[in-house]
Each structure stands twice: as C-alpha cells, then as structure tokens.
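Trainee: Return atomic coordinates for the entry below.
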Amino acid sequence: MHLTDLHYFQTIAHYGNITAAARTLGVRQPTLTVAMHRLEAEIGTTLFLRDRSGVTLTDTGKAFLQYVSEALSLLDVGTQHVQGLETDDVGSFILGVPSALGSYFLPSFFPDFLRQAPRIDVSLWTGTGQAVYQAVLTRDVHFGLVVNPTPHPELVLTQLFHDATDFFVASSSEDMAHPVNTGDANSRSIDWDTVCAQLRTGPLVYVSYMSQAHVLRERLGTEQLLPVQQLRCGELEVVKSLALAGVGVAILPRRVAASDPLKRLHRLHPDLPFIHDAVYLIHRADLHRTQAVARLKDALVTHGQRLGSDAESQLIQQEIVRQTHKTS
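Mentor: Next comes the predicted model:
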C-alpha cells in the first residue's frame, strides 16, 4: 500500500471531486483514477461511488477514511518529533560510567547540564570500565567514561583528564593535626623504613579486575614488599571504605581517594611506584549525530577537560616527567 495513494484518497474524499483534487495536488486526473483503482484492489472494496457531479464515499470508504486520517495525522506528528530530535536539544541517552569514577565526575557535571538542557534525558548505566567499554561497542549505551581504553576502529576516544593509581592509607588523628608539606596535598612525609614495614605487614586491599593493581603488586613483589595477607574486592568504593577504616594499604585511583570530603586518605609515599591513568569519553564512530547528541558530548568533554586543568592533573603530569627521567 502506497502512502501517496492514501494521501490522494484523503484529498479526493475532502473535495468530493477528482478534478478538484488533482488541481490541488498538482497531478493529472488519470493519475488519481489509477491510484484509486489500485487502492480499491488492495483492500478489496469500493471506496467511491462515481457520478457526473463527482464522487461520494461508500460506507466502507467512510470507515477507511477515518483510519487513513488518523494514520496520516500520527505520521505528521512523528515526522515533526523526529525533525525535532535532529535539530533541537531533545533526546534520551544512556551514559555508561564505572561507579567510582562517576562518584566524583557526575555530581559536578549534572547540576549545570540539567539546568541548561532540560529536555535531554540521561540515564546512567554502571559497571566496570571494561563492561562500559563493551556496552558502548554493542550499542547498549551511547557514551561511556572509561580509564585507559584500548583503541578500536569502531570507537571514537576523547581524552578528558589525567589520574593515577597509587597506594593509600588513612590519616591518623596526629597526621590530620600536623600535616607535613611534601609538595603534594595527598601525601605526607613518612620514613621509608616505616613505609616498607607497613607494606609488608598488610593487608594490601585492591580491586581484582584492575590491571593497574596487578602491575603495582608485581612491582611490590620485585622489591620484596608484597604482604602475604591481601584483600581482593569487587568494587573500588569497598576498597575506599576499608582504607578509611584503617584496614591496611589500599590501591586506589587518586581522584577516588580524594573524593572523600574529609580528605582522610593520603598517599603512602611519593617515591612508591604509581600507574598513570587517562580518563576518556568514548562513543561509537557511527553514533547518529543529532543536535542533542552534540550538546551532551560537548558538555561531557568540556567538564572532563576542565578537570584536566586542575592541580591534580598538573601534578600527575609533572610526576610522569620525573618518572620518565628516572628510568631513562
């Protein structure tokens, strides 16, 4: 069934005259006649009674007109809605984010974005970084925030800011009262022998799915600093909670550790090895680029790169340079 035939039918029914309908539609009268014969054959009924004065709808024609009018009206509404999705800040999207990363990224992102783009609906999808990566590939989410993603020909990766995975312990009351300035707000000066003893005593608390944690464990093992007692967890927030409770030494991203509002976690020692991390926004290369898609992407990139200009990012970059010089 041709959509054009339905439009012709509705116009003929409105004018009650094929000649007048042809003039309005800008087509020849025989074109309408052929179209109506075709439509009547498709649905198996006579739609018009024809006489010298024009055409009159049959009972089945009147019934069919009601459905055609509703269908064409709904199609117009759908067309206008889709056109709005293309050109307006309107749409629904899913943002994939690891819970720990989201705990410090999203609270500062959403207030301004929701106020500035109230008709863009964003749902959150949480999982590990690898799960978010796969969800973007399989189109289960539109955008993802991922740490150290692997390049993929079907993905676009936009770097947002730097982070680092490091060793953290909870500050004692004495530490909090008498902090020692080491040039790093998240670390305090501790005797190296004390650091080594604390590492060997353990337990070492870390997330089992983080490749950074396994690399750091291997480095501790090389230096004979890996404790026998280790606690493997499934969530960074659990690791953070255990660290805050004073349960051993935790392997955490610095920004996750710093997200504690009371700043009770500090790096065990600035000379211990750390892993440089980079946080990216990822999406599929074939993501349909509507106005709302562009608005959401730009907002995420702007917010992420604003984080990338903070003191923590600058400190990490400086340490990367120093680390490179040491190993070169």
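Trainee: and D277, what element?
Mentor: Assessed by DSSP states H and E, D277 sits inside strand 275-284.
Trainee: what is the mean pLDDT for that strand?
Mentor: For strand 275-284, the mean pLDDT works out to 95.
Trainee: chain center to whatever helix or strand comes next after it: distance?
Mentor: Sequence-wise, the next helix or strand downstream of strand 275-284 (DSSP H and E) is helix 291-307. Computed by Cα atoms, centre = their mean, to the nearest Å, the chain-centroid distance of helix 291-307 equals 11 Å.
Trainee: Report all helices and strands that helix 291-307 contacts.
Mentor: Applying 3 or more Cβ pairs under 8 Å, 6 or more residues apart in numbering; DSSP states H and E, we find helix 291-307 packed against helix 59-87, strand 91-97, helix 99-116, strand 120-126, strand 143-147, strand 155-170, strand 275-284. To be clear about C-beta, it is placed using only N, CA and C from the backbone, and glycine gets the same treatment.
Trainee: ok, 6 Å please
Mentor: Helix 291-307 makes packing contacts with strand 155-170 when contacts are defined by 3 or more Cβ pairs under 6 Å, 6 or more residues apart in numbering; DSSP states H and E.
Trainee: Do a quick rundown of the helices in the stretch 201-328 of the chain.
Mentor: Shown for the stretch 201-328 of the chain, the helices assigned by DSSP state H, counting those that start in this stretch span residues 211-222, 236-244, 254-258, 291-307, 311-327.
Trainee: what sits opposite the closest residue to V97 other than its chain neighbours in the beta ladder?
Mentor: Nearest residue to V97, sequence neighbours excluded (Cβ to Cβ, 6 or more residues apart in numbering): L145, at 4.5 Å. Beta-bridge partners for L145, by DSSP bridges, are L281.
Trainee: Could you measure from L145 over to Q291?
Mentor: Applying Cβ to Cβ, to the nearest Å, the value for L145 to Q291 is 22 Å.
Trainee: And for S92?
Mentor: S92 is 14 Å from Q291, by Cβ to Cβ.
Trainee: who has more neighbours, the two?
Mentor: Q291 (16 against 12; other Cβ atoms under 10 Å).
Trainee: Perfect, that will be all.
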